[in-house]
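>>> coords please:
(one chain, ligands or ions: 1)
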Amino acid sequence: MFSHKRADFGEDFLFGAATAAYQIEGGQTDGRGSSIWDTFSTTPGNVHNSETGKFACDHYNRWPEDLDLLADGGFDAYRFSFAWPRLIPEGVGQVNQKGVDFYDRLIDGMLERGLKPFATLYHWDLPSALQDKGGWLNRDIADWFADYAVMVHKNFGDRLETTATINEPWCVAFLSHMLGVHAPGYRDIRAAARASHHVLLAHGTAINALRAEGGKNLGIVCNFEVAQGATGKPEDMGAARLWDGIFNRWYLDGLFKGKYPSDVLAHFAPHMPDDFADDMAVVSTPIDWFGVNYYTRGLYEHAPERGAFPLRKVDGPLEKTAIGWEIFPEGLEEILTRISADYTDIPLYVTENGMAEIEGTDDPRRIAYYNGHLGAVLAAQKRGADVRGYFGWSLLDNYEWAEGYDKRFGLVHVDYKTQKRTPKSSYRAFQSLLTGANRSR
Ligand SMILES: OC[C@@H]1[C@@H](O)[C@H](O)[C@@H](O)c2[nH]c(CCc3ccccc3)c[n+]21
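Numbering: from 1, shown residues only. Next up is the predicted model:
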């Protein structure tokens, strides 16, 4: 079990678990439109075993059971995402009423169980019809996204506890347009530079549109990593600093200082959209809370042969999870205190933190992983970070993007042949922390 008590975190602190539509819903039916992950995952070479989210955890049909798991676990909140193609199949225009009905039932199901809905508008499943128009490379996406955000607000806003615009703009832009690891799988610095700006422009444009409709408790979720030099050599420390710029400071500086970091801009400058500087007031539109996703640290070395970004991640010595990420809870304390000291004093939520294992292990290390990172939250709170909640990634084993289904992050095991859900020992640890007892319905 955990070595912490629920009261340690503060009376109003919220505990939750998180998921994302494409990773759990399946349900490619009832008018849902195609997304870039449907096409990317069915293109050979992109995803482990060419696995897709076609069925996933069948959450589209099994959502009552999954909400029961959250309620039985004693969780206060549920972080979920809307599938843009399920609500507006072509991305703009015609609404799919069956999609609206699904999320109506889902959100009412949360409220009936006393679960606070923490919604994410975009968790990577862009409608294919918008990709056909350039997707994140087309500046118009700011308006497409804002119109979608307003549609969600009008249908569900009165029942949502919080709304995040984008999950992990670094993944939407750099991972997907520079590294090509995620959909749409570009490997092009010009695409990466333009997507890295347009994703934040879309965020700010949507925040302004939601404010105009009376939207409240609006935020964004970014992913963070502590970047350290593989050695103390100046060139390796410089590589870590540059990665910190690419992964962390591009978003923190853009969102909270209204200015992109000059070291990263030096590499992106020839490829940035014209007059991007004129957009920075919109990019840094004030928000009400900030979501922090944290998993691990990275060690970096100088790699001159690597072209535009002369750096390379190197293998570290610390214990690793099944997805190869070092276990480094101190990094969560560092990230939370850095954000609250250097960037903003608005409330922070740890919106994702968790550990992958492989099939059937119910890895006992997961309890230690969570215990260590919960301790990091407490340490950050003691150092002044206003951390209001913590969401474990993930409620269920699910579709782990390019890794397919092998890498299991769930607090609850899913047998994909039978769709049987089985709580893991880490689920019981949260249940004990949150309810003081191990019980199931
Ligand atoms: O990889 C575990 C989770 C994903 O399942 C979530 O959908 C996503 O929000 C998320 N972000 C991160 C950290 C950033 C990252 C994502 C994918 C690959 C490498 C780094 C880890 N995770």
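>>> Just the pLDDT for the most centrally placed residue in the chain.
Nearest to the mean C-alpha position of the chain, by Cα atoms, centre = their mean, lies residue 167 at 4.1 Å. pLDDT, residue 167: 99.
>>> same thing with residue 363?
Looking at residue 363, its pLDDT is 83.
>>> any idea which element it lies in?
Taking DSSP states H and E as the definition, one finds residue 363 inside no helix or strand.
>>> is it true that it touches residue 355?
Yes - between residue 363 and residue 355 a contact is recorded at 7.2 Å, counting by Cβ atoms under 8 Å. (C-beta placed from N, C-alpha, C; glycine too.)
>>> Which one's more surrounded, those two?
Neighbours of residue 363 and residue 355, each counted by other Cβ atoms under 10 Å, are more numerous for residue 355; the result is 26 against 19.
>>> list the contacts for that one?
The contact partners of residue 355, by Cβ atoms under 8 Å, 6 or more residues apart in numbering, come to 321-322, 327, 363, 365-366, 369-370, 409.
>>> Just the buried residues of those.
321-322, 327, 363, 366, 369-370, 409 (16 or more other Cβ atoms under 10 Å).
>>> Which of the residues you listed sits closest to the ligand?
Proximity of the buried ones among the contacts of residue 355 to the ligand (Cβ to the nearest ligand atom) peaks at residue 409, which lies at 5.6 Å.
>>> on that earlier part again, so which of the buried ones among the contacts of residue 355 also contact the ligand?
residue 409 (Cβ under 6 Å from any ligand atom).
>>> Save the buried ones among the contacts of residue 355 as CSV, and put in secondary structure too.
What follows is the buried ones among the contacts of residue 355, written out as CSV (DSSP: H, G, I helix; E, B strand; the rest coil):
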residue, secondary structure
321, coil
322, coil
327, coil
363, coil
366, helix
369, helix
370, helix
409, coil
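>>> May I ask which two of the buried ones among the contacts of residue 355 are separated the most?
322 and 370 (15.2 Å; Cβ to Cβ).
>>> Quick check: which ranges of the chain have low pLDDT?
Along the chain, the model assigns pLDDT under 70 to residues 360, 438-441.
>>> and it, which residues reach the ligand?
Near the ligand, when you scan the chain using Cβ under 6 Å from any ligand atom, you find 20, 23, 167-168, 171, 223, 293, 295, 352, 393, 400, 409.
>>> from these, which ones fall inside helices?
Judged by DSSP state H, helices contain the following of these: residue 23.
>>> I'd like to know which of the residues of the chain next to the ligand are buried.
20, 23, 167-168, 171, 223, 293, 295, 352, 393, 400, 409.
>>> For the stretch 151-300 of the chain, which residue gets nearest to the ligand?
residue 223 (4.1 Å).
>>> packing partners for the lengthiest helix in the chain?
The longest helix of the chain (DSSP H) is helix 189-212. Secondary-structure packing of helix 189-212 (3 or more Cβ pairs under 8 Å, 6 or more residues apart in numbering; DSSP states H and E): helix 141-156, strand 162-167, helix 169-170, helix 176-177, strand 218-229, helix 250-257, helix 262-268, helix 280-283.
>>> by contact count, what packs against the longest strand seen in the chain?
What stands out as the longest strand in the chain, according to DSSP state E, is strand 289-302. In terms of contacts (3+ Cβ pairs under 8 Å, 6+ apart), strand 289-302 is packed against strand 162-167, strand 218-229, helix 234-244, strand 311-314, helix 330-342, strand 348-352.
>>> which other helices and strands contact the second one?
Contacting strand 218-229 under the criterion 3+ Cβ pairs under 8 Å, 6+ apart are the following elements: strand 162-167, helix 169-170, helix 189-212, helix 234-244, helix 250-257, strand 289-302, helix 330-342, strand 348-352.
>>> Mind checking those for the one nearest to residue 137?
That would be helix 189-212 among those, by Cβ to Cβ, at 5.2 Å.
>>> Please identify the buried residues of that closest one?
189, 191-210.
>>> Quick check, residue 168 in contact with residue 224.
No - with contact defined as Cβ under 8 Å, residue 168 does not count as touching residue 224 (9.7 Å).
>>> joint contacts of those two?
Joint contacts of residue 168 and residue 224 (Cβ under 8 Å, 6+ apart) are residue 293.
>>> Report how many residues lie close to the residue nearest to residue 42 when sequence neighbours are not counted.
Leaving aside its sequence neighbours, residue 42 sits nearest to residue 52 (Cβ to Cβ, 6 or more residues apart in numbering; 5.9 Å). Using other Cβ under 10 Å as the criterion, residue 52 is surrounded by 21 other residues.
>>> and residue 52, what is it in contact with?
Residue 52 touches 37-38, 41-42, 399, counting by Cβ under 8 Å, 6+ apart.
>>> Can you turn the buried part of those into a ChimeraX selection?
Buried subset of the contacts of residue 52, written as a ChimeraX selection, criterion 16+ other Cβ under 10 Å:
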select :37,38,41,399
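>>> what about the longest strand of the chain, distance to the chain center?
12 Å (Cα atoms, centre = their mean, to the nearest Å).
>>> Next: stretch 190-198.
Distance of stretch 190-198 from the chain centroid (Cα atoms, centre = their mean) equals 19 Å.
>>> Pull the residues that contact it.
So stretch 190-198 is contacted by 135-139, 141-142, 169, 172-174, 176-178, 186, 250, 268, 271-273, 276, 279, 283 (Cβ under 8 Å, 6+ apart).
>>> Now the buried members of these.
By neighbour count, with 16+ other Cβ under 10 Å, the contacts of stretch 190-198 hold 135-137, 139, 141-142, 169, 172-174, 176-178, 186, 250, 268, 271-272, 276, 279, 283 as buried.
>>> Just want the angle from the longest helix of the chain to helix 250-257.
40 degrees (axes from the mean of the first three to the mean of the last three Cα atoms, to 10 degrees).
>>> Report the angle between helix 189-212 and strand 162-167.
160 degrees.
>>> how about helix 189-212 as CSV, C-alpha atoms only?
Provided in CSV are the C-alpha atoms of helix 189-212 (Å, rounded to 0.1, in the frame of the first residue of the first chain):
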residue,chain,number,x,y,z
ILE,A,189,11.5,20.7,-39.3
ARG,A,190,9.3,23.2,-41.2
ALA,A,191,6.2,21.2,-40.4
ALA,A,192,7.3,20.9,-36.8
ALA,A,193,7.9,24.7,-36.5
ARG,A,194,4.6,25.6,-37.9
ALA,A,195,2.7,22.9,-35.9
SER,A,196,4.5,24.0,-32.8
HIS,A,197,3.0,27.5,-33.2
HIS,A,198,-0.4,26.6,-34.6
VAL,A,199,-1.1,24.2,-31.8
LEU,A,200,-0.6,27.0,-29.2
LEU,A,201,-2.5,29.5,-31.4
ALA,A,202,-5.4,27.1,-31.6
HIS,A,203,-5.3,26.8,-27.8
GLY,A,204,-5.4,30.5,-27.2
THR,A,205,-8.0,31.1,-29.9
ALA,A,206,-10.2,28.5,-28.3
ILE,A,207,-9.7,29.9,-24.8
ASN,A,208,-10.9,33.3,-26.0
ALA,A,209,-13.9,31.8,-27.8
LEU,A,210,-14.8,29.8,-24.7
ARG,A,211,-14.5,32.9,-22.5
ALA,A,212,-16.9,34.7,-24.8
